[in-house]
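[1] Structure here, sequence nowhere to be found:
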């Protein structure tokens, strides 16, 4: 038997939360990553974790020193939610929703 379920994920936080079973992010990590995505979408710096983006996230969260976010960014990298190449941070391909299109997920229950 096959079922089709269609869900709308209309914010970065909801989108990341949907995939969180893969990444196992904490609530704070989810919040920081969602803010980084939102800010990067607005500014288009080309670097998810640019100093400018980190400063804006720190301000939004009431964190005095934006460098505090480096601990969370390392965890996001360790959990493979983000990747870095030559100091440029990008999202894991599962978390990219660039075109606003649809993704089809097939779940096979084998137990």
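    It's in. Bear in mind that the values here come from a model prediction, so they are computed numbers and not experimental data.
[2] switch to C-alpha atoms for all contacts and neighbour counts from now on
    Noted.
[3] so what does the helix or strand harbouring residue 74 touch, helix or strand wise?
    If you go by DSSP states H and E, residue 74 is part of helix 69-78. Contact here means 3 or more C-alpha pairs under 8 Å, 6 or more residues apart in numbering; DSSP states H and E; on that basis helix 69-78 packs against helix 27-43, strand 82-85.
[4] Touching that helix from outside, list them.
    25, 29, 32, 33, 49, 54, 58, 82, 83, 84 (C-alpha atoms under 8 Å, 6 or more residues apart in numbering).
[5] Remind me which helix or strand residue 58 belongs to.
    helix 51-61.
[6] Show me what that helix is in contact with.
    Helix 51-61 has contacts (C-alpha under 8 Å, 6+ apart) with 32, 35, 36, 39, 40, 64, 65, 66, 67, 69.
[7] Apart from its chain neighbours, what residue comes closest to residue 23?
    residue 79 (5.8 Å; C-alpha to C-alpha, 6 or more residues apart in numbering).
[8] from what I can see that neighbour touches residue 24, true?
    Yes. Residue 79 is within contact range of residue 24, at 7.5 Å (criterion: C-alpha atoms under 8 Å).
[9] mean confidence for the helix or strand encompassing residue 17?
    With secondary structure defined by DSSP H and E, residue 17 is part of helix 12-23. Here helix 12-23 scores 92 as its mean pLDDT.
[10] Stretch 34-43 now?
    Mean pLDDT, stretch 34-43: 94.
[11] For it, buried residues please.
    By 16 or more other C-alpha atoms under 10 Å, the buried positions in stretch 34-43 come out as 34, 35, 36, 37, 38, 39, 40.
[12] again, but for stretch 60-76
    Per 16+ other C-alpha under 10 Å, stretch 60-76 contains these buried residues: 66, 69, 72, 73, 75, 76.
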